[in-house]
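Colleague: Need the 3D shape of this:
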Amino acid sequence: MKTRIIWTKLWDDSWFDSLSQNSRILFIYLLTNQDIGLSGCYYLTDKKICFHTHLTEIELEVSKIDLVNKIMFFDNWIYVLNAQGYNGFVGLKNDVAVTREINLIPQNVKNTFGIVKQHRVSEKDDRVLATPDTSIIINHKSEIINPNKKSEIRKQKSYNLVGNTMVEVEE
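Modeller: Predicted coordinates:
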């Protein structure tokens, strides 16, 4: 089961407070339903939304208008504009997962929503491109240098992103 974090300060937000009950239900549903991923852009039909929220088609359309500054709708695709701001997941591995997810979205949807191209994830599962010439190992596993001598194990370097700079972590 997926986990989503919603900051409780949402209930003190003046924008959220100004919404109708139906718009609040829709907003919370769009943040927490089983189809939303880390990028906040996902495919979901109006029929499924109405089924889960018990909103009529007319109530749904009115609520979509209320959410226009926070959520975009296009051809059964939904884009929660600040999805990462509504959850607490951060870090390099999270960024890689978001990039992979964005790469699966059709280009016409990305163009409509203005989703910019993310850094390409390399073919190796545990690396991410830092620049066109270098990649950074993002796991913390040990690497066996010589499989016949298991005592010769070299620790891979770990990095943290500080601003726009990768900094080596001392272990």
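Colleague: would you say Ile78 is within a helix?
Modeller: No. Under DSSP: H, G, I helix; E, B strand; the rest coil, Ile78 falls outside any helix and is assigned strand.
Colleague: Please name the nearest non-neighbouring residue to it.
Modeller: Leu44 (5.4 Å; C-beta to C-beta, 6 or more residues apart in numbering). (Glycine included, C-beta is placed from N, CA and C.)
Colleague: Quick check, pLDDT for that neighbour.
Modeller: pLDDT recorded at Leu44 is 95.
Colleague: For it, what are phi and psi?
Modeller: Per-residue torsions, Leu44: phi -160, psi 130 (degrees, to the nearest 10).
Colleague: before we move on, what about Ile5?
Modeller: Dihedral angles (degrees, to the nearest 10) for Ile5: phi -110, psi 130.
Colleague: picking up where we left off before, the residue nearest to Ile78 touches Val80, doesn't it?
Modeller: No. Taking C-beta atoms under 8 Å as the definition, Leu44 is not a contact partner of Val80, at 11.0 Å.
Colleague: higher neighbour count, the two?
Modeller: Val80 (21 against 18; other C-beta atoms under 10 Å).
Colleague: need the contact list for Leu55.
Modeller: Asn22, Ile25, Leu26, Ile49, Ser63 (C-beta atoms under 8 Å, 6 or more residues apart in numbering).
Colleague: And the strands in the chain?
Modeller: Ranges of strands in the chain, per DSSP state E, are 41-43, 71-74, 77-80, 127-129, 135-137, 142-144, 153-155, 158-162, 165-169.
Colleague: And the third one, what does it pack against?
Modeller: When contacts are defined as 3 or more C-beta pairs under 8 Å, 6 or more residues apart in numbering; DSSP states H and E, strand 77-80 packs onto helix 21-32, strand 41-43, strand 71-74, helix 107-113.
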